[in-house]
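# got a predicted structure here, sequence first:
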Amino acid sequence: MHVPDGFLDAPTSIATGAVAVVAVGVALRGARRELDDKTAPLAGLVAAFVFATQMLNFPVGAGTSGHLMGGALAAVLVGPWTGVLCVSVVLIVQSLLFADGGITALGTNILLMAVTTVVVGWFVTRVLMKVLPKRVGTVAPAAAVGAFVSVPAAAAVFTALYFVGGTADISLATLTTAMLGWHTVIGLGEGAITFLAVGAILAVRPDLVYAARSVIAERDLVIKPKEAAA
Amino acid sequence: MRPVPAHLKVLALVGFMLVVVATPREWFAAYAAFLAVLVTVGAVGRVRPGWVLKRMVVEVPFVVFAVLMPFIAQGPRVEVLGLSLSESGLLSAWGLLAKGTIGVIAGLLLAATTTPQELVRGLERLRLPQQLVQIMAFMVRYLEVVTDEMRRMAVARASRGFVARNPLHWPVLARSVGALFIRSFERGERVHLAMVSRGYTGRMPR
């Protein structure tokens, strides 16, 4: 869910906007290392992919369904910098062309859904991959945990922002419990879908998964001489 | 509204919404004035009210949040129709609904009177970093292609008798997500190579 206009007061919105501008600026510099001059076309297509995936409904049962947020997924697939850029662009387009997420809350939304989910998702995934054995098979589970953690992490940042600049006096304990509890459940779904999607891509094109590059690079090419025909 | 340059419309939207967000929620008359401004803009821009109303569904999730507000907020309580509601919660709910709704209508008016291409040009005029503008331009250009690709996959799944009902069906959907990523990424590579072969060096010609 995107934060609408008026959810946080004006000073907080402007402050998150400034933080988002800095974060996107840093990501722009970092993305050049990940994709070089391919950045614009590839990141643009990946942004379109993230936008399309958010429209795909995953049924939960009893008539309800959810969709992927995709921050952690983008980080694992194209790297954290490009991931931040892609999701930020998706949020800008959603805000300006679909009125999904308020224009004054754009900074807040970028901070929560582009920066927090991507950075937390990426960090957790990397740490797990360092700990786990270096095999392609460990990438998808690590990404799943990263995606799972990224959702309550974003909810926690939102709660903190709401505490600073919220417009209703809900007790902090109530809000924290509700937000974290609910988003832990959503995170389970996010983790499961990310696990399945990353697994599907690893099975077909492991070279396209950014997080798997370090693992693939360690695999040596072994040339097995054919047994001479008797 | 079409002849107004997109960058001015974006600036106007940001300025207008900052004023709305900063307006205390007790100034009820001000909100009527904001709504009047939007109705006037919509009328001048000849935006069909139905078009806006239909797209206002994006605000449903936070309407739910606003409705819950009077029940969970603290402070002195008042009796309304036999329900004990928080006074400040009621005021917050009103503030959220009023500001959020005005934001959604204002955003939709921009969307209704601006094409995605004009918007990208407008943001470029506003000195958004070149790289970001380019990424956005590519996203907007290929959005239809990629969502169409996803729709074709949905048709293909449906024609094989697949109906997603519960989480047991997620692997199938997730595989579609994976396939969509691979197709999008490969399309990005093809587009990039096609552009390089036509002299692209990382900047778009004017």
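Everything's here; your move. Numbers count the residues shown, from 1 in each chain, chains lettered A, B, ... in the order given.
# CA atoms for contacts and neighbours, from now on please.
Noted.
# for chain B, what spans make up the helices?
B:6-22, B:28-44, B:49-55, B:60-72, B:87-113, B:116-125, B:130-159, B:170-196 (DSSP state H).
# again with chain A
So, for chain A - with DSSP H - the helices run A:10-35, A:39-55, A:71-78, A:80-98, A:106-109, A:117-131, A:139-165, A:172-204, A:213-217.
# what comes up buried for the longest one?
Read that as helix A:172-204. Neighbour counts over helix A:172-204 (16 or more other CA atoms under 10 Å in any protein chain shown) mark A:175-176, A:179-180, A:183-184, A:186-202 as buried.
# so which of those residues reach chain B?
A:193-194, A:196-198, A:200-201 (CA under 8 Å from any CA of the partner chain).
# going by mean pLDDT, which of the helices of chain A comes out lowest?
For those, mean pLDDT drops lowest on helix A:213-217, to a mean of 80.
# phi and psi next, for residue A:135.
Per-residue torsions, residue A:135: phi -130, psi 150 (degrees, to the nearest 10).
# excluding chain neighbours, give the residue nearest to it in space.
Spatial nearest neighbour of residue A:135, chain neighbours left out: residue A:215 (6.1 Å); criterion: CA to CA, 6 or more residues apart in numbering or on different chains.
# same question, residue B:119
Using CA to CA, 6+ apart, the closest residue to residue B:119 is residue B:6 (5.6 Å).
# same question for residue A:75.
Closest to residue A:75 by CA to CA, 6+ apart is residue A:83, at 4.7 Å.
# that neighbour against residue A:120, yeah?
No - contact criterion CA atoms under 8 Å: residue A:83 and residue A:120 do not qualify, at 11.8 Å.
# the more surrounded of the two?
residue A:83 (31 against 23; other CA atoms under 10 Å in any protein chain shown).
# how close does the more buried one sit to chain B?
Counting by CA to the nearest CA, to the nearest Å, the separation of residue A:83 from chain B is 12 Å.
# surely residue A:128 meets residue A:144?
No - taking CA under 8 Å as the definition, residue A:128 is not a contact partner of residue A:144, at 10.5 Å.
# the two - which one has more neighbours?
Shown here are residue A:128 and residue A:144; by other CA under 10 Å, residue A:144 has more neighbours (30 against 18).
# what residues are up against residue B:137?
Each residue near residue B:137 by CA atoms under 8 Å, 6 or more residues apart in numbering or on different chains is listed here: A:44, B:117, B:120.
# what subset of those is buried?
The buried subset of those (16+ other CA under 10 Å) comprises A:44, B:120.
# return the closest of the contacts of residue B:137 with respect to residue A:210.
Among those, residue A:44 lies closest to residue A:210 (CA to CA), at 16.6 Å.
# okay, domains of chain B per the record?
Using automatic domain parsing, the domains assigned to chain B come out as B:6-119, B:129-196.
# any idea how far the longest one is from the chain center?
What that stands for is domain B:6-119. Between the mean C-alpha location of domain B:6-119 and the chain-wide mean there is a distance of 14 Å, by CA atoms, centre = their mean, to the nearest Å.
# and the most centrally placed residue in chain A, what does it touch?
Central residue of chain A (CA atoms, centre = their mean): residue A:71, 1.3 Å from the mean position. Applying CA under 8 Å, 6+ apart to residue A:71 gives the contacts A:83-84, A:87, A:113-114, A:117-118, A:121, A:147.
# where does pLDDT dip in chain B?
Under the criterion pLDDT under 70, the flagged ranges of chain B are B:1-2, B:75-77, B:79-84, B:202, B:204-206.
# just to revisit the earlier point, just name the most buried of the helices of chain A.
helix A:71-78 (a mean of 30; mean count of other CA atoms under 10 Å in any protein chain shown).
# that one: how far from the chain's middle?
5 Å.
# run the angle between it and helix B:170-196 for me.
50 degrees (axes from the mean of the first three to the mean of the last three CA atoms, to 10 degrees).
# C-alpha coordinates for helix A:71-78, PDB please?
Provided in PDB are the C-alpha atoms of helix A:71-78 (Å, rounded to 0.1, in the frame of the first residue of the first chain):
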ATOM      1  CA  GLY A  71      12.000  -4.500  -3.800                       C
ATOM      2  CA  ALA A  72      14.000  -7.400  -2.600                       C
ATOM      3  CA  LEU A  73      13.400  -9.300  -5.800                       C
ATOM      4  CA  ALA A  74      14.700  -6.400  -7.900                       C
ATOM      5  CA  ALA A  75      17.800  -6.200  -5.600                       C
ATOM      6  CA  VAL A  76      18.600  -9.900  -6.000                       C
ATOM      7  CA  LEU A  77      18.000  -9.800  -9.800                       C
ATOM      8  CA  VAL A  78      19.700  -6.600 -10.900                       C
END
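# tell me the angle that helix makes with helix A:117-131.
60 degrees.
# now the angle from helix A:71-78 to helix A:80-98?
Using the same axes, to 10 degrees: helix A:71-78 against helix A:80-98 is 130 degrees.
# and the pLDDT at the residue nearest to residue A:50 when sequence neighbours are not counted?
Nearest residue to residue A:50, sequence neighbours excluded (CA to CA, 6+ apart): residue A:70, at 6.4 Å. Turning to residue A:70, the model gives it a pLDDT of 86.
# which residues touch residue A:70?
A:50, A:53-54, A:190, A:194.
# and for residue A:184?
A:148-149, A:151-152.
# one more time with 7 Å
A:151-152 (CA atoms under 7 Å, 6 or more residues apart in numbering or on different chains).
# also residue A:192?
residue A:144.
# got the domains of chain B as a markdown table, with distance to residue A:135 columns?
Listed next are those as a markdown table, based on distance: least, CA to CA, whole Å:
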| stretch | distance to residue A:135 |
| --- | --- |
| domain B:6-119 | 41 |
| domain B:129-196 | 20 |
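# go through these and name the closest to residue A:31.
Nearest of the domains of chain B to residue A:31, taken as CA to CA: domain B:129-196 at 9.9 Å.
# so how far does the closest one reach from one end to the other?
Terminal residues of domain B:129-196 lie 21 Å apart, using CA to CA, to the nearest Å.
# please apply the same query to stretch A:155-174.
13 Å.
# quick revisit: how close does the residue nearest to residue A:135 get to residue A:132?
Residue A:215 is 11 Å from residue A:132, by CA to CA.
# I appreciate the help and will end here.
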